[in-house]
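J.: Would you be able to build a 3D model of this:
(one chain, ligands or ions: 1)
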Amino acid sequence: MTKREKAERIREILDEIHPEPPIPLDHVDPFTLLIAVVLSAQTTDDRVNKVTPALFDAARTPQAMAKLGVAKIHRFIRTCGLAPAKAKNIAALSQILVERFDGKVPADMEALESLPGVGHKTASVVMCQAFGKPAFPVDTHIHRLAARWGLSNGRSVEQTERDLKSVFPPESWIRLHLQIIYFGRQCCPALRHDLRQCRICSWAATAKRIREESPKPKAMPKATGKAKATGRARAKRAGAA
Ligand code: SF4
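T.: As a prediction, the model looks like this:
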């Protein structure tokens, strides 16, 4: 099976399991999505969705967010990981949007990546989820699964992004990155498990990986001296009968 054929079969399975994957971060426009994605680094989506309603009630636009300032932003987001750095970045990027981008989020990778706290993955999420432009945001979960499924060699997140883009058609990227995230969250337990039971790894992973990662069969407990003696006595009685 070629990599492309493999990718096609994976796509069909994911389409079956998650036909319409929703965007997990609540937002109403590109700016609120950008802020939610910045907040989601090292923080669960649920946590972000808990803090953003109050934050966006206080400031829904770059102008209002810049005015709110670092200290007040921090008060709204303090339960998120890395809150002090995120508060600074959110205030600074809002100010830059006002000064350089006419108060709008640019639909341009380079411009997005120039904003404080916005890396390649965050920019990719905004490009595809806010503007519908083909991008394939790769986080550590997608990176790990792409390697397990044999779609990438797993050397770096950047390489995984290139590999996935080369085997999946561009019109599927936006949906696929969400489908893989949901599949990973719902189906992939962190601990050792039997890859032969999985709808994808059972045929996509290498035999070596399936062998190495599946739980080993439990070894029979070794007979103790007493158990050995009891066994011998039982055999003797059986012989005498
Ligand atoms: S075998 Fe496990 S890790 Fe691999 S895709 Fe299936 S559930 Fe996820």
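
J.: Quick one: check stretch 139-155 for contact with the ligand.
T.: Yes - part of stretch 139-155 sits near the ligand under the criterion Cβ under 6 Å from any ligand atom, namely Leu145, Arg148. (Glycine included, C-beta is placed from N, CA and C.)

J.: Counting neighbours, which bits of that stretch end up buried?
T.: The neighbour-count check on stretch 139-155 (16 or more other Cβ atoms under 10 Å) flags Asp139, Ile142, His143, Leu145, Ala146, Ala147, Arg148, Trp149, Gly150, Leu151, Ser152, Gly154 as buried.

J.: so Val118 makes contact with Leu93?
T.: Yes - Val118 lies in contact with Leu93 (Cβ atoms under 8 Å); the separation is 6.7 Å.

J.: shared neighbours of these two, which are they?
T.: Common contact partners of Val118 and Leu93 (Cβ atoms under 8 Å, 6 or more residues apart in numbering): Leu34, Val38.

J.: Check pLDDT for the buried residues of stretch 139-155 and point me to the minimum.
T.: Within the buried residues of stretch 139-155, the minimum per-residue pLDDT falls on Gly154 (78).

J.: if I look at that residue, how far off is the ligand?
T.: 13 Å (Cβ to the nearest ligand atom, to the nearest Å).

J.: re earlier: dump the buried residues of stretch 139-155 to a markdown table, plus secondary structure.
T.: Listed next are the buried residues of stretch 139-155 as a markdown table, based on DSSP: H, G, I helix; E, B strand; the rest coil:
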| residue | secondary structure |
| --- | --- |
| Asp139 | coil |
| Ile142 | helix |
| His143 | helix |
| Leu145 | helix |
| Ala146 | helix |
| Ala147 | helix |
| Arg148 | helix |
| Trp149 | coil |
| Gly150 | coil |
| Leu151 | coil |
| Ser152 | coil |
| Gly154 | coil |
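
J.: And the residues you listed, which is closest to the ligand?
T.: Here the nearest of those to the ligand, counting by Cβ to the nearest ligand atom, is Arg148; it sits at 5.0 Å.

J.: Quick check: closest non-adjacent residue to that closest one.
T.: Closest residue to Arg148 apart from its sequence neighbours, by Cβ to Cβ, 6 or more residues apart in numbering: Ala205 at 5.5 Å.
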